[in-house]
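> One predicted model, sequence on top.
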Amino acid sequence: MTGLRNWIDEALRATFAPTHLDVIDESHLHAGHAGARPEGETHFRVDVVSAAFDGKSRVERHRLVNGALEPAFKRGLHALAVRARTPAEAG
């Protein structure tokens, strides 16, 4: 894992104790776009399944994930796509 990708993975695991977590660096898909850097680590997609999302709306879930990753935005994260589900929703 890359530095920022590893940090995101660890932060989400510590915050949400997920039953499933994928952290995907999609920076290469955004080369030349706003916020992209030649060294990458700017655009990520996360798929996180956690009981912490029970009873939360989609917006609330995204706010929780973005809040947990606020330091990553200060480290160069430009864009984050989030899929946040409960264990029941994940099947």
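Received it, and whenever you're ready, just let me know what you need.
> Listing request: residues of this protein with sub-threshold pLDDT.
In the predicted model, the chain carries pLDDT under 70 at residues 1-2, 28-40.
> Go again with 50.
Across the chain, residues meeting the criterion (pLDDT under 50) sit at 1.
> Which helix runs longest in it?
Scanning the chain for the longest helix, with DSSP state H as the assignment, gives helix 3-16.
> which helices and strands does that helix pack with?
Other helices and strands packing on helix 3-16, by 3 or more C-beta pairs under 8 Å, 6 or more residues apart in numbering; DSSP states H and E, are strand 20-25, strand 43-49, helix 58-68, helix 70-74. (C-beta placed from N, C-alpha, C; glycine too.)
> which residues touch the third one?
Yep, that's helix 58-68 we're talking about. In this structure, residues lying in contact with helix 58-68 by C-beta atoms under 8 Å, 6 or more residues apart in numbering are 11-12, 15-16, 46, 48, 52-53, 56, 80, 82, 84.
> Dig out what the residue nearest to the spatial centre of the chain forms beta bridges with.
The residue at the geometric middle of the chain, judged as the C-alpha nearest the mean C-alpha position with C-alpha atoms, centre = their mean, is residue 46 (3.9 Å). For residue 46, the beta-bridge partners are residue 23, residue 82 (DSSP bridges).
> Tell me the spacing between it and residue 18.
Applying C-beta to C-beta, to the nearest Å, the value for residue 46 to residue 18 is 10 Å.
> list residues touching both of these two?
Common contacts of residue 46 and residue 18, defined by C-beta under 8 Å, 6+ apart, comprise residue 12.
> picking that back up, I'd like the helices and strands packed on helix 3-16 as CSV, with distance to residue 88 appended.
Formatted as CSV, these follow (distance: least, C-beta to C-beta, whole Å):
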stretch, distance to residue 88
strand 20-25, 13
strand 43-49, 10
helix 58-68, 14
helix 70-74, 28
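> Would you mind getting the angle between the longest helix of the chain and strand 43-49?
Compare the direction of helix 3-16 with that of strand 43-49 by axes from the mean of the first three to the mean of the last three C-alpha atoms, to 10 degrees and you get 30 degrees.
> No further queries at this time; thank you.
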